[in-house]
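>>> pasting the sequence and the predicted model now:
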Amino acid sequence: MTLADGVVLAQDSRDIIKPVWTEVLVALLLFGLLCFVLMKFVFPRMEATFKARADAIEGGLARAERTTIEAKAVLEQFRAEIAAARAEAAVIRERARAEAYEIRAEVMAGAEAAREQVLAEGRAALAADRVAVLAELHGVIGEIAVDLAGRIVGESLMEDARARGTVEEFLRERETARD
């Protein structure tokens with residue numbers, strides 16, 4: 001296309017600024033028809049879709065909020081149950097400690113009583129043995145003393161009951177002096 005062709009085209013074409021009313025009218029009619037179709041069929045469907053999406057989102061948010069509230073309630077209940085279980089465990093531990101202390105005290109008291117009983121029995125047995133030994137010694141010492149006195153004197157004093165009584169009286173006096 002040359003400059004001459006452009007001049008020819010400009011002369012052939014009508015005035016560009018001046019509209020062609022038939023084209024404008026057809027364009028307006030088509031635009032109106034397009035707007036009518038869009039408003040009548042497309043926009044309501046789009047609006048329904050948007051509304052459904054908004055409802056779904058709001059419903060999802062509401063469900064999420066309810067779920068969050070329920071989860072918080074369950075969590076609080078769980079924490080309360082844990083706190084109650086811990087408190088109960090503390091009570092059980094304290095009760096067990098108290099029972100253990102009581103059992104220990106009972107065992108210690110029983111052991112102390114058994115020890116005291118064994119000591120008392122031992123002391124009683126020792127005292128009885130001492131009395132038996134002393135009684136046996138009294139008889140033997142009396143006989144030995146009478147025999148020794150008889151050897152010194154040169155006579156047998158074994159049958160003399162009075163001598164035996166003298167030795168036993170001497171031993172009793174000695175024993176009372178010691179106590």
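Yes, it's here.
>>> remind me which residues of this structure are low pLDDT?
Low-confidence regions of the chain, defined here as pLDDT under 70, cover residues 1-15, 154-167, 179.
>>> give me that answer again for 80
With pLDDT under 80 as the threshold, the chain has low-confidence stretches at 1-16, 19, 134-135, 137-172, 174-175, 178-179.
>>> and the helices in it, which stretches?
All helices of the chain, identified by DSSP state H, fall at 3-12, 21-37, 43-153, 161-178.
>>> save those helices as CSV, and put in mean neighbour count too.
Yep, even glycine has a C-beta here, placed from its N, CA and C like the rest. Output for the helices of the chain, formatted as CSV (neighbours: other Cβ atoms under 10 Å):
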stretch, mean neighbour count
helix 3-12, 9
helix 21-37, 10
helix 43-153, 11
helix 161-178, 12
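>>> do you know how far A52 is from E173?
Separation of A52 from E173 (Cβ to Cβ, to the nearest Å): 128 Å.
>>> check R151 too.
As defined by Cβ to Cβ, R151 lies at a distance of 24 Å from E173.
>>> and V20, backbone torsions?
For V20, the backbone dihedrals (degrees, to the nearest 10) come out as phi -100, psi 110.
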